[in-house]
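Engineer: Structure for this input, please:
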Amino acid sequence: MSRCFHTHKGTTRLSPLLPSHSCKPRLASTTAAATTTASPPARNLHRARARVTMAAAAAAEQGKAAVGWAARDSSGVLSPYNFSRRAQEDGDVTIKVLYCGICHTDLHIIKNDWSNAMYPVVPGHESVGVVTDVGAGVKKFKAGDTVGVGYFVTSCRACECCGKGYENYCSRMVTTCNGIDHEHGGEVTQGGFSDVVVVDEYYVLRVPAGLPLDSAAPLLCAGVTVYSPMVQHGLNSPGKHLGVVGLGGLGHVAVKFGKKFGMRVTVISTSPGKRQEALEHLGADDFIVSRDPEQMASAAGTMDGIIDTVSAWHPITPLFSLMKPMGQVVFVGGPTRPLELPAYAIVPGGKGITGNCVGGIRDCQAMLDFAGEHGITAEVEVIKMDYVNTALERLEKNDVRYRFVVDVAGSLDPDAA
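Structural biologist: Numbering: from 1, shown residues only. Next up is the predicted model:
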């Protein structure tokens with residue numbers, strides 16, 4: 001991967017920064033030739049240049065000391081972890097992490113639910129913080145800027161997906177944590193439950209002034225995950241009717257975006273107790289208990305589209321009856337069990353089913369700008385890092401309203417008040 005949140009597997013970098021065909025061996029060859037033909041002053045110049053180059057490479061290999069919390073096995077229990085991030089390069093931004101949201105994806109990764117965990121894993125992909133340093137080639141940011149980094153930290157930037165602004169679907173997209181950085185020795189990326197991150201400026205987002213940083217952090221994943229498909233599928237037009245399945249970390253943000261788009265929004269939930277929250281606090285127009293056949297029948301054929309945010313298995317066939325012809329159900333949750341869908345649910349009416357995984361850099365920045373303009377943030381419970389394991393247990397039980405956010409700087413920075 002190029003320029004991303006990541007760490008070496010130990011505190012010492014074992015792989016070279018440059019590939020075998022790079023300038024380092026060529027420099028050695030050139031220097032050797034020069035010592036046989038050049039004058040003593042020329043030989044000294046070549047030697048000096050070689051020493052500078054080797055010193056720079058050694059400094060780069062040392063990386064940057066970092067401290068975070070990591071899971072070591074499938075128990076998912078996090079504990080303090082000292083490691084080394086790669087050194088900042090010309091196009092990189094070094095960021096002091098202030099806050100990082102906790103996503104259900106973090107829970108799946110640290111517990112190895114998807115059988116791809118590369119321990120130790122420092123989770124976290126909803127980070128906001130302050131730029132502390134920038135590389136020589138950085139144009140977009142400067143020290144002191146407030147920024148964020150989301151679900152992924154690199155892509156190829158050359159394929160069709162990247163060219164269309166869908167870096168999130170690039171086959172070489174690398175996630176912020178538990179990804180493999182092929183451009184820097186195949187090291188495993190480490191996420192935002194850490195005091196510092198080093199990221200290519202292309203994948204850094206500007207956080208609008210005025211947004212509270214703790215409640216803005218979940219927008220880097222939850223926000224763009226619902227915003228992007230709403231825009232792509234035309235579910236952002238005033239007067240249209242949007243259904244939101246689930247009123248959790250993703251769902252409550254979808255309601256907020258839908259209302260600011262000027263849509264009619266109906267929350268669809270298995271929990272009758274969430275009715276008041278949906279209607280009075282979040283401003284939804286209607287609330288349907290999905291297990292109530294009469295309530296479901298009363299809304300049949302009224303919705304232009306549905307965003308399904310639920311991460312647990314649930315019956316989905318009844319949802320299609322709620323939509324108008326040609327409507328789309330967009331799945332943004334990640335159930336670990338296969339969902340069931342008979343053909344008769346979609347063939348009549350030409351209804352569709354699609355999915356969405358976060359969003360590209362363009363969509364993410366547009367989402368943040370829209371959120372800044374309209375004052376959209378997540379409903380959060382801010383915690384310190386020493387509470388994180390309890391928070392993860394509560395998240396697994398859906399016992400949070402609606403997103404945990406770790407006060408990273410307040411937990412890990414010894415100078416924090």
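Engineer: Show me what the host helix or strand of Ala371 is in contact with.
Structural biologist: Taking DSSP states H and E as the criterion, Ala371 maps to helix 361-374. Applying Cβ atoms under 8 Å, 6 or more residues apart in numbering, the contact partners of helix 361-374 are 148, 150, 165, 167, 202-203, 205-211, 216, 219-220, 223-224, 227-228, 231, 257, 260, 358-359, 376-377. Glycine gets a C-beta too; all of them are placed from N, C-alpha and C.
Engineer: Among those, name the buried ones.
Structural biologist: 148, 150, 167, 202-203, 205, 207-208, 211, 216, 219-220, 223-224, 227-228, 231, 257, 260, 358-359, 376-377 (16 or more other Cβ atoms under 10 Å).
Engineer: Strands - which of those land there?
Structural biologist: When these are checked against strands (DSSP state E), the matches are 148, 205.
Engineer: Narrow the buried ones among the contacts of helix 361-374 to those in helices?
Structural biologist: Residues from the buried ones among the contacts of helix 361-374 lying in helices, with DSSP state H as the criterion: 216, 223-224, 227-228, 231, 257, 260.
Engineer: Pull up the per-residue confidence for the residue sitting nearest the centre point of the chain.
Structural biologist: Among the residues of the chain, the one closest to the centroid is Tyr151, at 1.9 Å (Cα atoms, centre = their mean). Per-residue pLDDT puts Tyr151 at 97.
Engineer: Which residue is the nearest non-sequential neighbour of it?
Structural biologist: Sequence neighbours aside, Val358 is the residue nearest to Tyr151 in space, at 4.4 Å (criterion: Cβ to Cβ, 6 or more residues apart in numbering).
Engineer: so what's the one you found up against?
Structural biologist: Contacts here follow Cβ under 8 Å, 6+ apart; on that basis Val358 touches 150-152, 168, 221, 224-225, 228, 364.
Engineer: If we only consider these, which is nearest to Arg337?
Structural biologist: Thr225 (20.3 Å; Cβ to Cβ).
Engineer: Show me what the helix or strand following the helix holding Ala371 is packed up against.
Structural biologist: Sequence-wise, the next helix or strand downstream of helix 361-374 (DSSP H and E) is strand 380-383. Applying 3 or more Cβ pairs under 8 Å, 6 or more residues apart in numbering; DSSP states H and E, one finds that strand 380-383 contacts helix 213-216, strand 403-407.
Engineer: swap the cut-off to 10 Å and go again
Structural biologist: Here strand 380-383 touches strand 92-101, helix 213-216, helix 388-396, strand 403-407, helix 408-412, going by 3 or more Cβ pairs under 10 Å, 6 or more residues apart in numbering; DSSP states H and E.
Engineer: low-scoring stretches of this protein, by residue?
Structural biologist: Counting by pLDDT under 70, the chain contains low-confidence residues at 1-62, 414-417.
Engineer: Domain-wise, how is it divided?
Structural biologist: Using automatic domain parsing, the domain parsing of the chain gives 64-218+380-412, 222-355.
Engineer: now stretch 329-338, how far from the chain's geometric center?
Structural biologist: Computed by Cα atoms, centre = their mean, to the nearest Å, the chain-centroid distance of stretch 329-338 equals 17 Å.
Engineer: just to revisit the earlier point, of the contacts of Val358, which is the nearest to Lys384?
Structural biologist: Using Cβ to Cβ, the shortest approach to Lys384 within these belongs to Cys221, at 20.8 Å.
Engineer: What are the boundaries of the helices in this protein?
Structural biologist: Using DSSP H, helices in the chain cover 23-37, 40-62, 104-110, 160-163, 213-216, 222-232, 251-260, 275-276, 293-298, 317-320, 361-374, 388-396, 408-412.
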